[in-house]
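>>> The following block contains a protein sequence and its predicted model.
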Amino acid sequence: MLTLPDGRRFAHHHAHALFMDFPLCAQFKFVQYPDGRLALRFLLRDGEASEAVRDAALARWRTRFAEVPLAVEFVDTIMPVDARTGKFKNIERLRAGPL
């Protein structure tokens, strides 16, 4: 579960409702950095333009959370599917790295 700046909670079902039918990416994941910043990571489908994906994703995000800043990041891999459940985490709170 992620915490939005206004204290509301953002859970798996919110991520699912917003982006499960988003055809411009192969996989997505919301992450929250230790300082509270939120980011949406995408693994792009072949041939998709990152700028168009970013713009479409932010437009979709703003329909529910217009006041909450969201960074869009593009990655080469997202955590693999869990072999036991057949699922992957679509939200994750990142921990601070070693000092």
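Sure, I can see it.
>>> Looking at this structure, which helix is longest?
Across the chain, the longest stretch assigned as helix under DSSP state H is helix 50-65.
>>> State the next helix or strand along the chain beyond that one.
Per DSSP states H and E, the first helix or strand lying C-terminal to helix 50-65 is strand 71-74.
>>> What's the mean pLDDT across that following strand?
Strand 71-74 shows a mean pLDDT of 96.
>>> Stretch 50-61 now?
Stretch 50-61 comes out at a mean pLDDT of 96.
>>> again with stretch 4-24
The model assigns stretch 4-24 a mean pLDDT of 92.
>>> Pull out the buried positions in it.
L4, F10, H14, A15, L18, F19, L24 (16 or more other C-beta atoms under 10 Å). The C-beta positions use only the backbone N, C-alpha and C, and glycine is treated the same way.
>>> Which ones among the residues you listed map onto helices?
Those of the buried residues of stretch 4-24 lying in helices (DSSP H): H14, A15, L18, F19.
>>> Run through the residues that contact the last one.
For F19, the set of contacting residues under the criterion of C-beta atoms under 8 Å, 6 or more residues apart in numbering consists of C25, F28, L40, A57, R60, N90.
>>> The third one now?
L18 sits next to R60, W61, R64 when contact means C-beta under 8 Å, 6+ apart.
>>> same thing with P5?
Contacts for P5 (C-beta under 8 Å, 6+ apart) come out as G36, V68, P69.
>>> again, but for F10
M1, L2, T3, L4, F30, L38, I91.
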